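K.L.:
coords below, sequence missing:
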């Protein structure tokens, strides 16, 4: 991994952020070649997803949104990872990654095998806080968005009205997201600031599974089109019990750090949770209707 990071810096693809002032862990700047590569990928994804299709429209949501959105979606109370501290080396780790992390004092060992004393796990919220307005108090608190999907849900009614689409149709977005990772690592695979290319595709109830299979094949075709060999694109089934009662799939990337997820696809049966909450608000007059959601998300 050190060789890859060094090569990317020498060739002008990716630089460590704020390096002359000591750096900032988990944040990266894209150099001349990296900026062009990143822009080409985003432009081609946008063209394939919105300009060459009649059933998908685009939007560009704000990074800052009302705090009540994150309360309604459950992010404020549940968007967290279990964290443990090593009282010996003073390292901080995710509990579910103890077997794959390196001890700060003994890099050849993991936190479980180095002999250090680990604290009891506690939940660590991944959202980065900020304040809107002159006073830094709870009434002005909000967050830098940890993912791009919420803006799509909140603006669903407006997009539906102006785009005049019927099911099935999708809303695509590319934008920055921020996560206060416990232990940023593995180059750009685990960073605190990144970009997501996301599609929320809304389908009729009972058709979610077939659309899941459709989008799995579409994403694999897209990766092949940009030059990734098919044998380098393994797929694996996943299940996120907290978010989806239905199957999902991921397209991991074969890298020197083993398999890391580059793209995820899932569908949720029934109404989207946030959509159903928004339709019950007195400020929203949209009539509620049943739908399923097929989601595709890639991280840059």
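P.N.:
Thanks, I have the structure now. Fair warning: this is a prediction, and the values are worked out from it, not measured in the lab.
K.L.:
In this structure residue 209 contacts residue 216, no?
P.N.:
No: using CB atoms under 8 Å, residue 209 makes no contact with residue 216, being 10.9 Å away. (Glycine included, C-beta is placed from N, CA and C.)
K.L.:
These two: which has the busier surroundings?
P.N.:
residue 216 (18 against 14; other CB atoms under 10 Å).
K.L.:
Quick check: which element contains that one?
P.N.:
Taking DSSP states H and E as the criterion, residue 216 maps to helix 208-225.
K.L.:
Next, the buried residues of that helix.
P.N.:
208, 211-212, 214-216, 219-220, 222-223 (16 or more other CB atoms under 10 Å).
K.L.:
Next one: the residue nearest to the spatial centre of the chain relative to residue 80, how far apart?
P.N.:
Note on the chain: the residue nearest the mean C-alpha position is residue 147, at 5.3 Å, using CA atoms, centre = their mean. Going from residue 147 to residue 80 by CB to CB, to the nearest Å gives 14 Å.
K.L.:
can you pull the contacts of the residue of the chain most remote from its centre?
P.N.:
Most distant residue from the mean C-alpha position of the chain: residue 115, 34.1 Å away (CA atoms, centre = their mean). Neighbour list for residue 115: residue 88 [criterion: CB atoms under 8 Å, 6 or more residues apart in numbering].
K.L.:
go on, residue 98?
P.N.:
Taking CB under 8 Å, 6+ apart as the definition of contact, the neighbours of residue 98 are 84, 110-112, 118.
K.L.:
now stretch 219-229: how far from the chain's centre is it?
P.N.:
20 Å (CA atoms, centre = their mean, to the nearest Å).
K.L.:
Residue 265 and residue 219 touch, don't they?
P.N.:
Yes: Residue 265 is in contact with residue 219 according to CB under 8 Å; the separation is 6.3 Å.
K.L.:
Work out for me the element residue 103 sits within.
P.N.:
Element membership for residue 103 (DSSP H and E) is empty, with no helix or strand holding it.
K.L.:
sec struct for residue 152, please.
P.N.:
Put simply, residue 152 is helix when judged by DSSP: H, G, I helix; E, B strand; the rest coil.
K.L.:
what do you get for residue 166?
P.N.:
Residue 166, by the three-state scheme (three-state DSSP), is coil.
K.L.:
mind listing the strands in the stretch 151-300 of the chain by residue range?
P.N.:
For the stretch 151-300 of the chain, applying DSSP state E, counting those that start in this stretch gives strands covering 169-178, 193-203, 236-238, 248-255, 258-268, 292-299.
K.L.:
So which other helices or strands are in contact with the second one?
P.N.:
Counting contacts by 3 or more CB pairs under 8 Å, 6 or more residues apart in numbering; DSSP states H and E, strand 193-203 is packed against helix 32-46, helix 149-154, strand 169-178, helix 208-225, strand 292-299.
K.L.:
Compute the inter-axis angle for the third one and helix 208-225.
P.N.:
Right, strand 169-178. Inter-element angle recorded for strand 169-178 and helix 208-225: 60 degrees (by axes from the mean of the first three to the mean of the last three CA atoms, to 10 degrees).
K.L.:
Verify the contact between residue 110 and residue 102 for me.
P.N.:
Yes: the pair formed by residue 110 and residue 102 meets the contact definition of CB under 8 Å, at 7.0 Å.
K.L.:
quick revisit: between the buried residues of helix 208-225, which is nearest residue 37?
P.N.:
The shortest distance between residue 37 and any of the buried residues of helix 208-225, using CB to CB, involves residue 223 and amounts to 14.9 Å.
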